[in-house]
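In: sequence first, then the predicted structure:
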Amino acid sequence: MKRFSKCFFFAAAGCLFAASFLSFSADAEEKRFPHVPEAWEKGVLAAKDTSFPELPNVLPEKELPGYFSLYGALKDPLLRSRMAFELRMSCSKETFRGLVLLLEKEKDPFCQSALLSSLLALAQNGFGDGSFAEKALTYFDLPNWESRKSATALYFLLSPSPAPEKALEKRKGKYDELFLRSFFPFFAQNAGKIPEKLVEEWRKEKDLSRKALGFSFALLRRKASKPDGELLKAALPESPVLVRYYLARSAAYNPDLPQAFFEALFKDNDAGIILAYLREAAGPETGKKVKEELLRKFLAPSMPFSLRLAAAEALKNGKEEESAKACAKLLQKRDTVLLGVASAALAEMRPAESVRELIVQYAEKNPAARLEAVRFFAAVRDEKFDDAVIRFLEDAGEGKTDHPDREKILQELGITLLGNSRAAKGIPVIVKKSSSKVVSVRKCAAESLGKLPSKESFAALKKLLLDKEPSVASAAACSVVQLVKERALPAEEARRLFGKELVKLTGNLKLEFADARSGAVRAVDLLGLVKECKKNLERLAEKECIIAPMAPPSFDADHVRASVLLALYEAGKKGDKESEKSFRRLLPLLAAEAGKEESPASDAWKECLRQLKLLQGGQKIVPAKAVSSPPSMSVHPL
C-alpha cells in the first residue's frame, strides 16, 4: 500500500515545533565532527567545518525511569502536562516507550492530550515504535479533540498497513466534521478498501458527517465511470453544503469524471464549493492529475480573486500547453501574490520554449512581473534567456519601483543566475551592481564574479575585498579562492591583483569579520603570501586580539584559527622554514593551553587541534563522534 506522505501528518496533527527539532531524525547519533583538513582542501573553512554537528537532545537511558516516576508522583495535572511536553525533547525510542506507559495510566484529558502530542512529535521524527499503532486505536474516542487527532495521526503513521475502515469503526459512529476534514486525504486515497456495504449505509444516514463521507467514498470508488443519479443529485445546490463540500474535495482525486458532474456541482457558482475543489486539486495527494480545462475557466478575470489564485496553484500539476499559456498570461497582472503563484506554477510545469518567450514578453511590458520571470528562469535553469535577465537587471535598482524589497530580490536572483550559468555577457551589469547600496546585492555580485573571470571582474573584486560589510568581504575572498582553485586565474597574477588587500584583510580584527578572515587566510595560502602576513596569522592563532563593542579582546573563531594553522603547515611543506617553525611552536602551545582545567577552549577546538596533530604526524584522521546532550527540564528527580 502506498504510505501517506509524512508532511500530511504534520498538517493533520496541527502541531508546531521548533525548526531545530523538526530537522532531527533517528539516525542522528551517527554524525561525526567534520574532517577539518579535507574541508580545508575543498575551499574556505566555515564555522560549520569546525563545529560538532547539532544532535537532538537525549536524556541518558539510565535517568529516564527517574523522570517517569517523577511524572507519576506529580499531583498537579498542569505540571504533568508540562513535563509531558518537555519529555518530547528527549529524542529516543526509549522515551517514546516510556511515554506510552505513562499514557496507559493517565486519566486526566489535558495530560492525555499532552502525552499523545509528544508521542506524535517523536514518531514524526523517526523515534516511534510501530507496536503502538494498534494501541493508538484505543484513544480514538477520547473526549479531547486534540487527543483524538494525535491518536489518529499516530495510527496512520506507525501502522505498516493502516486500514481506513478500522479507523472509522473505532470512532464508534462519531465522525465529527473536524475529524473528516483533518484526515480526508487519507480516506480518499484508500476509499477502495472500505466495504461497499458500509459506504451504502453511510449514504442513507441522517448524520450529515457520515452522509457526506458516504457520498464522497461512493464518488471516489467509481473511478472514471459515470456517477449515478443519486450522486448527481447530491452535487446540486439543493443538497446539504457539507455533502457538496466533500464531493468537491473527492472530485479532485478523479479528473476523469464526466463534465455533467462538475456542471451540477458548480451550478450555483458557490465560491466555497469551488475553492474546496481547487485547493484539494493543488495538494500532493491527488496524484498530480487535474482537470485542466476546468481549472483554466477559473482563471478568467470575471472570477473572484481567491478562485483565480487557487486555480493557478492547482495548475502547477498541469501538463497541457494551454494551461501554461493561461498561467503565463497572469504575468500581465500587478498583484504580487497572484504573480508569485503563477510563477511557481510555471516553474513546476516546465513549459515549452514558446511559453517561455511569452513570459519574457509579458515581463517586458509589466515591470511588476520581472521578479517572477527571473524566479522562473532561475528555477528551470534556462540559459537561453540570459539576455532577458540582463535587461531586467539593468533596469532594476533602488527606488525604481514602489516595491524596494522586490527590486532587491530581483537583483539577487538575477546576479546569482548569471553567475551560475557562467554568462560572460552578464559581467558588465554584475560589475555595475557590485557598487549597489544594498549589502545583499553586493554580496551576490561578489559571489558571482568569482565564476566570471575578466579584467572588469578582478577590478570589482579588488574593491569588494575591503568592503565595510563583512559578508561582502567574505564573499569576495571566497571568490578569489575559487578563481585560483579552478585555475581561472594563475596564482602569480592573483597575488599581483589581490595580495595587498588580502594581507590587509587578515589584519582586520573586528569580531564580525571572522568569515572574511577565514577566506583571506585560505587565499594567502593559495597565493603563497603566508610569509608576508605571518605576524597577522600568528596573532590570530594565539592572541586574544579580536575586538567587539563593549567587550574585552577575545580569541578568534575556531575556523579562523584552524585556517591559520593549516596555512602555516602548508607553507612549511612548500619549503617556508619560518612558517614550519611557527606551526611547530603554535600547535603544542595551543594544545597545552586548551588542555588546562580552567581553559575556555571548547570541545570543538580541542578536536580541531587533535586532528591537526594527527595530520602533522602523518596519521589517519578519524573525526570524533558527536554526542547528544540532555534537554533542559524544569523539574528533575532527586
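Out: Thanks, I have the structure now. Numbering: from 1, shown residues only.

In: which ones are touching the closest residue to residue 630 other than its chain neighbours?
Out: For residue 630, ignoring the flanking residues on the chain, the nearest one in space by Cβ to Cβ, 6 or more residues apart in numbering is residue 59 at 5.1 Å. (C-beta placed from N, C-alpha, C; glycine too.) Residue 59 sits next to 67, 87, 90, 92, 95, 630, 631, 633 when contact means Cβ atoms under 8 Å, 6 or more residues apart in numbering.

In: could you flag which of the residues you listed are buried?
Out: Neighbour-count burial (16 or more other Cβ atoms under 10 Å) is assigned, among these, to 67, 87, 90, 92, 95, 631, 633.

In: my read: the fourth one touches residue 58, true?
Out: Yes - here residue 92 lies in contact with residue 58, judged by Cβ atoms under 8 Å, at a distance of 5.0 Å.

In: for the buried ones among the contacts of residue 59, which one is nearest residue 368?
Out: When those are compared for distance to residue 368 (Cβ to Cβ), residue 631 wins out at 47.6 Å.

In: after the worst-scoring helix or strand of the chain on mean pLDDT comes which helix or strand?
Out: Of the helices and strands making up the chain, the lowest-confidence element is helix 19-22, at a mean of 37, by mean pLDDT, DSSP states H and E. Next in sequence after helix 19-22, counting helices and strands by DSSP states H and E, comes helix 36-42.

In: tell me which other helices or strands that following helix touches.
Out: Helix 36-42 is packed against helix 558-573, helix 603-616, with contacts defined by 3 or more Cβ pairs under 8 Å, 6 or more residues apart in numbering; DSSP states H and E.

In: hmm, residue 191 is touching residue 214, no?
Out: No - Residue 191 is beyond contact range of residue 214, at 10.8 Å (criterion: Cβ under 8 Å).

In: settle it for me: which of these two has more neighbours?
Out: Neighbour tally, residue 191 and residue 214, criterion other Cβ atoms under 10 Å: the higher count belongs to residue 214, 24 against 20.

In: the longest helix in this protein is where?
Out: Longest helix of the chain, by residue count under DSSP state H: helix 577-595.

In: who touches it?
Out: In contact with helix 577-595 (Cβ under 8 Å, 6+ apart) are residues 530-531, 534, 537-538, 541-542, 561, 565, 567-569, 571-573, 599, 601, 605-606, 609, 612-613, 616.

In: buried ones from the residues you listed, can you make that a PyMOL selection?
Out: In PyMOL, this line selects whichever of the contacts of helix 577-595 come out buried by 16+ other Cβ under 10 Å:
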select buried, resi 530+534+537+538+541+542+561+565+567+568+569+571+572+601+605+606+609+612
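
In: residue ranges in the stretch 51-200 of the chain under the pLDDT threshold?
Out: Scanning the stretch 51-200 of the chain with the threshold set as pLDDT under 70 gives 170-180.

In: ranges for the helices of it?
Out: 64-73, 77-87, 93-105, 109-124, 132-136, 145-158, 164-170, 177-189, 196-203 (DSSP state H, counting those that start in this stretch).

In: can I get these in JSON lines including distance to residue 290?
Out: Conversion of those to JSON lines gives the following (distance: least, Cβ to Cβ, whole Å):
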{"stretch": "helix 64-73", "distance to residue 290": "49"}
{"stretch": "helix 77-87", "distance to residue 290": "40"}
{"stretch": "helix 93-105", "distance to residue 290": "39"}
{"stretch": "helix 109-124", "distance to residue 290": "29"}
{"stretch": "helix 132-136", "distance to residue 290": "33"}
{"stretch": "helix 145-158", "distance to residue 290": "25"}
{"stretch": "helix 164-170", "distance to residue 290": "24"}
{"stretch": "helix 177-189", "distance to residue 290": "15"}
{"stretch": "helix 196-203", "distance to residue 290": "25"}
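
In: compare those and give me the one nearest residue 357.
Out: Going by Cβ to Cβ, the one of those nearest residue 357 is helix 177-189, 37.5 Å.

In: tell me where the model's unsure across the protein.
Out: 1-29, 170-180, 223-227, 285-288, 398-402.

In: any chance you could map the helices in the stretch 401-550 of the chain?
Out: 404-420, 427-433, 439-449, 455-464, 470-485, 491-506, 514-526, 534-542.

In: if you could redo that for the stretch 201-350 of the chain, that was the one I meant.
Out: 208-221, 229-235, 241-251, 259-265, 271-282, 292-297, 305-314, 321-329, 336-349.

In: how about these in JSON lines, adding distance to residue 463?
Out: Listed next are the helices of the stretch 201-350 of the chain as JSON lines, based on distance: least, Cβ to Cβ, whole Å:
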{"stretch": "helix 208-221", "distance to residue 463": "64"}
{"stretch": "helix 229-235", "distance to residue 463": "67"}
{"stretch": "helix 241-251", "distance to residue 463": "58"}
{"stretch": "helix 259-265", "distance to residue 463": "62"}
{"stretch": "helix 271-282", "distance to residue 463": "47"}
{"stretch": "helix 292-297", "distance to residue 463": "51"}
{"stretch": "helix 305-314", "distance to residue 463": "43"}
{"stretch": "helix 321-329", "distance to residue 463": "40"}
{"stretch": "helix 336-349", "distance to residue 463": "34"}
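
In: those helices: which one's closest to residue 35?
Out: Residue 35 lies closest, by Cβ to Cβ, to one member of these: helix 336-349, at 36.4 Å.

In: now that closest one: buried residues?
Out: Quick answer for helix 336-349 (16+ other Cβ under 10 Å): 338, 339, 340, 341, 342, 343, 344, 345, 346, 347, 348, 349.
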